[in-house]
Structures are given as C-alpha cells and as structure tokens.
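A.B. asks: Predicted model and sequence below, questions to follow.
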Amino acid sequence: MMMPIMTFIGNIGYVLVSIMGGWLAVKKAIEVGDILSFIQYVRQFSQPIAQVAQISNVLQSTAAASERVFEFLEEQEEIEENYDPVGTMNIAGQVSFEDVRFGYDTDKIVIKGFNADIKPGQRVAVVGPTGAGKTTIVKLLMRFYDVSSGRILIDGHDIREFCRDDLRSMFGMVLQDTWLFNGTIMENIRYGRLDAADEEVIRAAKTAHAHSFIKTLPHGYNMEINEEAGNISQGQKQLLTIARAILADPKILILDEATSSVDTRTEVLIQRAMENLMKDRTSFIIAHRLSTIRDADLILVMKDGDIAEHGNHEELLAAGGFYASLYNSQFESP
C-alpha cells in the first residue's frame, strides 16, 4: 500500500498548489508562471519519497529473508558422537522398530507406537494416505531426526550407536525427484562411490539398463549433463540414479515411487533396474501407486502415524480392510 499512498499524498500537493496559486493569480499577487514553478518544486520534493516507497517492498522482503537466514544460523548443530561407534562391516540388514514415537513438535506426535520387524533381504512396502507418516519413518531411519521414545535397531544395534556418517552410508536412496549435477554421465554415476573404476561404473550402468541409451548419446559416458539436466529425459535421469545406487552397493535401500512421471516403456526398464537393485537387500518402498508393490514380502499400511494393517498383498485384500479400500479406490471409475 506504500506506493499508492505516497502517490496520493503527492497529488494532494499538486491540488493545493493549483487552488492556492489560482486564488493568488486572480488577486494579481503572483503570475501564472509562479504556479508552474511551485508545481515543479512539489514534484522535486515528493520524488525521493516516492522512490523510497517504491523500494519498500524490497526492504520488507530483505527483512523477511534475514529472519529466515538467522533462524537457520541459530539452529542447533547435530550432537557430536563421543563414544566408540559400532562398525558397519558385517551388517545383514535386519531392521526393527520398537514402540517408536516421534513428533516434529513435542506436543504434536505424528508417529504413535510404531512396531515392525523386518528380516534381512525383505522387501517392505510402506503405504498410506498423505500425512500418514511414510516419509517420516525414512527420516528417522537415517537419523535426520531422533525418535522421541522407543528404539530403531539395525541388526540388534540401536541406530544411535552408529556414527551418523556410517549409518547413512548403509542406505541407498532412489527418489521420485531425481538429482544430477553438471558434469559427465560417468562422473554422475561415480558419485555413488568415488573410488570406483570406469569398468565398475559401466557394469553398474548395464545392471540398471542404462548402458544401451548411454551408448546412443553423443560422446557416450563422457557426455556433459548441463546445469538443469535438461539434455536427457526424465526416464534416463531415473536410470542414472539407479545405476548410482547400484554402484554404491548399500546394505539397505529406500525407494520412493520412481516411475510416476515416465512413459510405459521406460517404466518397464526402471522396474527391471529396481529389481536388480533390490536383489538380496533389505528394501523400503514408499508406494503411491499400489499396483507397483504387489510382490512385496511385507506391506505396512500406515494410518494416522501407526500401522493399521500388515501382511502381503493377497492377505490384505482378503481382509477387506483399509488397504483393500485404498487399493480398490485406484481402479474405481469416476
């Protein structure tokens, strides 16, 4: 509102000068030229005030941004581990949740008494409506947040016994939103394990079904991906991120819905690549399209921060509960 207010005040000045000047000109006290001079004086006086009003929105944006910057700088650092952490060399991939409770705010709990026991090599699908706590479980697994109460165990060890770097190195993530950086395709895949040889990178690309399309690109593995990764398609980006995860060879996998924005043919390729990636690994699949998780060993159906149901696809459909209603709703005609 600042700019229109200042313009209104400036216009009032012009009106006052015109009325007073007209009255004095009629009285022969001043000439018409004096009125024009005063109008010019008013314009020169109000111009810098109008310029300040013009940049007031920029100043307000700056103040708001500064608040966010200082809020970020004042955030508490992650607590340094001052103990001898558990090693990750012989981790099999068993994951247990024991009465896990968590809330981003202490007075608002979003995960309420979560219990689950996942055996090594199992494929676990986590499904549920928006806001049920699916992504929060992943954040807790990787210790981006610590649980409010309860424990998360990997091979019988509380995740707080691991060094954060070691814990996170056990996980590989393939997300719905792919991210690639400016550099060659070889460098982007090698980011999964920086000491990998070229032959290992190519082997990972073949396992991810990415090798065939890479060979058709100009310069192959040495093709430069631009800043926005706009010179390759969405499906190709996804295959490259899967190849990166295969190269990293993680103990535990976290897969978000990776095929939601690609065509059917590329979706088949991505699903084959993900099959290769999940082989002999404990996998958590955050599923939005329930048709993609029929083969999961265990399906955890989340509702309001707790497991409403668990079992495999056939068992849950036969039970006719919350999962069955979610599954059938995706195939109902409008």
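C.D. replies: Cool, got the structure.

A.B. asks: so where does residue 315 fall, helix or strand?
C.D. replies: helix 313-319 (DSSP states H and E).

A.B. asks: same deal with residue 285?
C.D. replies: According to DSSP H and E, residue 285 maps onto strand 282-286.

A.B. asks: what about residue 240, neighbour count?
C.D. replies: 25 (other CB atoms under 10 Å). Bear in mind the C-beta positions are built from the backbone N, C-alpha and C, glycine included.

A.B. asks: residues making contact with the lowest-mean-pLDDT helix or strand in the chain?
C.D. replies: Of all regular secondary-structure elements in the chain, judged by mean pLDDT, DSSP states H and E, the least confident is helix 264-278 with a mean of 74. Here helix 264-278 makes contact (CB atoms under 8 Å, 6 or more residues apart in numbering) with 123, 172, 174, 207-210, 233, 235, 238-239, 242-243, 245-246, 253, 255, 258-259, 262, 292.

A.B. asks: any idea whether the residue positioned nearest the centre of the chain is helix, strand or coil?
C.D. replies: Most central in the chain under CA atoms, centre = their mean is residue 177, positioned 7.3 Å from the mean C-alpha point. For residue 177, the secondary-structure state derived from DSSP: H, G, I helix; E, B strand; the rest coil is coil.

A.B. asks: where in the stretch 51-200 of the chain is pLDDT low?
C.D. replies: Scanning the stretch 51-200 of the chain with the threshold set as pLDDT under 70 gives 79-89.

A.B. asks: Break down it into its helices, ranges please.
C.D. replies: Listed in chain order, the helices found in the stretch 51-200 of the chain under DSSP state H, counting those that start in this stretch are 56-73, 134-141, 164-169, 185-190, 198-207.

A.B. asks: Tell me which of these lies nearest to residue 300.
C.D. replies: Judged by CB to CB, the one of these that comes nearest to residue 300 is helix 134-141, at 8.6 Å.

A.B. asks: if we can go back for a sec, given the strand holding residue 285, what are its sheet partners and their directions?
C.D. replies: The strands that strand 282-286 pairs with in its sheet are strand 123-127 (parallel), strand 252-255 (parallel) (by DSSP bridges).

A.B. asks: model confidence over the shortest one, on average?
C.D. replies: If I follow you right, that is strand 252-255. When pLDDT is averaged along strand 252-255, the result is 85.

A.B. asks: Can you give the contact residues for it?
C.D. replies: Surrounding strand 252-255, the residues in contact under the criterion CB under 8 Å, 6+ apart are 93, 95, 138, 141-142, 154, 170-174, 245, 274, 277-278, 281-286.

A.B. asks: What segments of the stretch 1-150 of the chain are strands?
C.D. replies: When secondary structure is read from DSSP state E, counting those that start in this stretch, the stretch 1-150 of the chain shows strands at 95-102, 111-118, 123-127, 149-154.

A.B. asks: how about those in CSV, adding distance to residue 14?
C.D. replies: Below are the strands of the stretch 1-150 of the chain laid out as CSV (distance: least, CB to CB, whole Å):
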stretch, distance to residue 14
strand 95-102, 63
strand 111-118, 65
strand 123-127, 67
strand 149-154, 69
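
A.B. asks: which residues touch the helix ranked longest in the chain?
C.D. replies: What stands out as the longest helix in the chain, according to DSSP state H, is helix 2-26. Contacts of helix 2-26 with the rest of the structure, by CB under 8 Å, 6+ apart, involve 30-32, 34-35, 38-39, 42-43, 45-46, 49-50, 53-54, 56-57.

A.B. asks: Also stretch 180-189?
C.D. replies: When contacts are defined by CB under 8 Å, 6+ apart, stretch 180-189 is touched by residues 191, 198, 201, 204-205, 214, 217, 220-227, 229, 237, 240-241, 243-244, 247.

A.B. asks: Out of those residues, name the ones that lie in helices.
C.D. replies: Secondary-structure check on the contacts of stretch 180-189 using DSSP H: residues within helices are 198, 201, 204, 205, 214, 237, 240, 241, 243, 244, 247.

A.B. asks: Sweet, I'm off.
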